[in-house]
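Asks: My questions are about this predicted structure, shown below with the sequence.
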Amino acid sequence: MRRSGSVRAVTITVSIMMIVIIAVRFAFPSVFPGLFTAVARPFWRVEYSISSGQLDSVESLLAANQDLSRKLDESEVRSRSATELNSENDQLKALMGRASTTDRILAAVIAKPPFAPYDELLLDIGSDTGLIAGNMVYATGMIPIGRITDVLTHSSKVLLFSSPGQTFSVQIGGANVPATAVGQGGGQYSAELPRTTAVSQGDPVSIPSLKSNLYGIVSAVVSDPSEPFETILFAPPVNIYQLRWVLVEKSKHDQ
Amino acid sequence: MLKLTFRVIIDIAIFLCLVQAWWYFALLFALIGIWNFGFYIEMIIAGLIYDALYGSTNWRDVSGSIGLIVGGILFIVLTVVKKMVRIRE
């Protein structure tokens, strides 16, 4: 009896406490959060100071300072090295192209398809470096891609072999089957061959008059059993949309 | 005196756990306290502190009072259990 009375008293006391607390929360929602947050804030500050290193010893702070200074010095050295490499790169470009010590000049492509019209490239060199109309233009790997058509003082235009309607004599496949390539635009070519020729996808295409340079790779063979000819589609192994640099071969009489 | 010291230590431990939001350790210390000491009202206060520090201030939001409610219920239940399992206090 006494035990149940004690429990009842505790229950009533606790219930009254909770009701009072809830009533205070209802009336003043910010009282308890403000009070206990103010009490807890110093502890949180101390914890933050410890975790952020503010309470580290002077020796460790000095060591960290020295470490950061060393890293800064290393970064400055790397930055200087990068500057030196950039300068060296510029010098090499000048040596390779603009110094005219070779019969080929390195040129930067400043506009190209699809931003340049009519399947043309716009180069950053012109008559100031001795270019004339008709100079051959090569992509990476000495792949012929076009000829200089218009020369200005500091720039020149390249008409790509793949421009629509352009025709060239090529040799297709390992058997060097002669054919006439027709530009289709966008770096693509087509050629017509008799169906009896053994040309398949992946065969090389070359220009006989240009030191047998690789001109393209057969990408597809379109064959119709009702036609005596099949259409060979090929493209250069480089993507003309990704060209940044090209080599322009100067004519012998320019040197 | 020794019991009072132990109670204060438990209270401090509960408070520090609440400041760190380690409610599970705070609950553990509160259970130790309520089992060893009579009328361990600190359990309800701990729930109130937890709600005040981390709960919603919107009184309609029950999750903002979960510490208080759990503390009160555990207080009553464990008080009853203590009375039942102990011959005398």
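Replies: That came through fine.

Asks: And the pLDDT at the residue in chain B that chain A sits nearest to?
Replies: Across chain B, the shortest distance to chain A (Cβ to the nearest Cβ) belongs to B:A52, at 3.9 Å. Placement of C-beta: from N, CA and C, glycine included. pLDDT for B:A52: 85.

Asks: For it, list the residues it contacts.
Replies: For B:A52, the contacting residues are A:F32, A:P33, A:L35, A:F36, A:T37, by Cβ atoms under 8 Å, 6 or more residues apart in numbering or on different chains.

Asks: same thing but 10 Å
Replies: Residues in contact with B:A52 (Cβ atoms under 10 Å, 6 or more residues apart in numbering or on different chains) are A:25, A:30-37, A:39-40, B:18, B:64, B:67-68.

Asks: in which helix or strand would I find it?
Replies: helix B:42-54 (DSSP states H and E).

Asks: so how far is that helix off the chain centroid?
Replies: Centre-to-centre, helix B:42-54 and its host chain are 8 Å apart (Cα atoms, centre = their mean, to the nearest Å).

Asks: Show me what the helix or strand just after that helix is packed up against.
Replies: Counting by DSSP H and E, the next helix or strand C-terminal to helix B:42-54 is helix B:66-85. Packing contacts for helix B:66-85, counted by 3 or more Cβ pairs under 10 Å, 6 or more residues apart in numbering or on different chains; DSSP states H and E, involve helix A:2-27, helix B:23-36, helix B:42-54.

Asks: Pick the most deeply packed of those helices.
Replies: Of all the helices and strands packed on helix B:66-85, helix B:42-54 carries the top mean neighbour count, a mean of 23, counting by mean count of other Cβ atoms under 10 Å in any protein chain shown.

Asks: returning to that earlier point: in JSON lines, list the helices and strands packed on helix B:66-85 along with distance to A:E192.
Replies: Output for those, formatted as JSON lines (distance: least, Cβ to Cβ, whole Å):
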{"stretch": "helix A:2-27", "distance to A:E192": "90"}
{"stretch": "helix B:23-36", "distance to A:E192": "81"}
{"stretch": "helix B:42-54", "distance to A:E192": "80"}
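
Asks: Which among the ones you listed is found nearest to A:Q188?
Replies: helix B:42-54 (66.4 Å; Cβ to Cβ).

Asks: burial of A:I50, as a residue count?
Replies: For A:I50, the neighbour count with other Cβ atoms under 10 Å in any protein chain shown is 11.

Asks: residue contacts, it?
Replies: By Cβ under 10 Å, 6+ apart, the residues touching A:I50 are A:D56.

Asks: Figure out the helix or strand that it lives in.
Replies: helix A:31-51.

Asks: same deal with A:I110?
Replies: Applying DSSP H and E, one finds A:I110 within strand A:104-111.

Asks: Tell me which other helices or strands the longest helix anywhere in chain A touches.
Replies: The longest helix of chain A (DSSP state H) is helix A:58-93. Counting contacts by 3+ Cβ pairs under 10 Å, 6+ apart, helix A:58-93 packs against strand A:104-111.

Asks: can you give me how far whichever helix or strand comes after the strand it packs on is from the chain middle?
Replies: Scanning forward in sequence from strand A:104-111 by DSSP H and E, the next helix or strand is strand A:120-123. How far strand A:120-123 lies from its chain's middle: 20 Å, per Cα atoms, centre = their mean.

Asks: for strand A:120-123, what is the average pLDDT?
Replies: The model assigns strand A:120-123 a mean pLDDT of 82.

Asks: what does it contact?
Replies: Outside strand A:120-123, the residues touching it (Cβ under 10 Å, 6+ apart) are A:105-113, A:115-116, A:129, A:131, A:137, A:139, A:145-146, A:148-152, A:154-160, A:163, A:240, A:243, A:245-246, A:248.

Asks: again, 7 Å this time
Replies: Contacts to strand A:120-123, defined as Cβ atoms under 7 Å, 6 or more residues apart in numbering or on different chains, come from residues A:107-112, A:116, A:146, A:155-160, A:246.

Asks: Next: stretch A:134-146.
Replies: A:121, A:147-148, A:158-161, A:207, A:210, A:213-215, A:236-238, A:240, A:243, A:246-251.

Asks: got it, and stretch A:169-176?
Replies: A:177-181, A:191, A:193, A:198-199, A:203, A:205-208, A:215, A:218, A:232.

Asks: Could you turn the buried ones of those into a ChimeraX selection?
Replies: For the buried members of those, the matching ChimeraX selection, counting by 16 or more other Cβ atoms under 10 Å in any protein chain shown, is:
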select /A:177,179,181,191,193,199,203,205,206,207,215,218,232
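
Asks: so what's the nearest residue to A:V205 once chain neighbours are set aside up against?
Replies: Nearest non-adjacent residue to A:V205, counting by Cβ to Cβ, 6 or more residues apart in numbering or on different chains: A:G216, 4.1 Å away. A:G216 makes contact with A:Y189, A:V205, A:F234, A:A235, A:P236, according to Cβ under 7 Å, 6+ apart.

Asks: quick one: which of the residues you listed is nearest to chain B?
Replies: A:A235 (64.1 Å).

Asks: Show me what the helix or strand harbouring A:T231 packs onto, helices and strands only.
Replies: Element membership of A:T231 [criterion: DSSP H and E] is strand A:229-235. With contacts taken as 3 or more Cβ pairs under 7 Å, 6 or more residues apart in numbering or on different chains; DSSP states H and E, strand A:229-235 sits against strand A:188-194, strand A:214-223.
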